[in-house]
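Q: Could you work out the structure for the sequence below:
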Amino acid sequence: MIQTRNVALYVVLSFVTCGIWVFVWYVLLADDIGKIRGDGKPNGPLEVLLIFVTCGIWGIVLGYTWPDKLNEGLRERDLPTNDNLPTLGLVLNIFGLGLITLVLMQSEANKVAQANQA
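A: Model (predicted):
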């Protein structure tokens, strides 16, 4: 079961903790994407580790791959997708605006949670 997450609270926590909460958010969002897709992938802790090991370059890659995986899961559930989200996420992450990408992905995941509750 996917939880509806408060995006505004997560953004505030990201600023208050000087970015540490972003990595927790990555793990939570990875879990949600895995549940939406039904295969348990991506592996959140591994992805966060790769972000550290590659000095942030892997985070740019995730800006494209995770929205794409999210869209795959939405298509499987016959829910509307945002086909521009992977490209937008990549561009935002290249310019250091990955927090916006997380907000957009969480908003899409929240739609699935709300559809499950209805």
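Q: Next one: the nearest residue to V103 once chain neighbours are set aside from W25, what distance?
A: Excluding its sequence neighbours, the residue lying closest to V103 (CB to CB, 6 or more residues apart in numbering) is V7, at 5.5 Å. In short, each C-beta sits where N, CA and C put it, glycine included. Distance, V7 to W25, by CB to CB, to the nearest Å: 10 Å.
Q: Identify the contacts common to the two.
A: Common contacts of V7 and W25 (CB atoms under 8 Å, 6 or more residues apart in numbering): Q106.
Q: Was I right to think the residue nearest to V103 contacts L104?
A: No: using CB atoms under 8 Å, V7 is not in contact with L104, being 9.4 Å away.
Q: and those two? which has more neighbours close in?
A: For V7 and L104, the more surrounded residue by other CB atoms under 10 Å is L104, and the numbers stand at 20 against 17.
Q: quick one: that one from T54, how far?
A: L104 sits 22 Å away from T54, taking CB to CB as the criterion.
Q: got a list of what the residue nearest to V103 touches?
A: Counting by CB under 8 Å, 6+ apart, V7 has contacts 103, 106-107, 110.
Q: Of those, which is the most crowded?
A: Counting neighbours by other CB under 10 Å, Q106 comes out on top of the contacts of V7 with 22 neighbours.
Q: now that one: how far from I57?
A: Q106 sits 22 Å away from I57, going by CB to CB.
Q: try T17
A: Counting by CB to CB, the gap from T17 to I57 is 23 Å.
Q: what do you get for G73?
A: Applying CB to CB, the value for G73 to I57 is 25 Å.
Q: quick one on the thing from earlier: format the contacts of V7 as a markdown table; extra columns: pLDDT and distance to W66.
A: A markdown table is the format used below for the contacts of V7 (pLDDT from 0 to 100; distance: CB to CB, whole Å):
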| residue | pLDDT | distance to W66 |
| --- | --- | --- |
| V103 | 97 | 13 |
| Q106 | 96 | 11 |
| S107 | 95 | 13 |
| N110 | 94 | 15 |
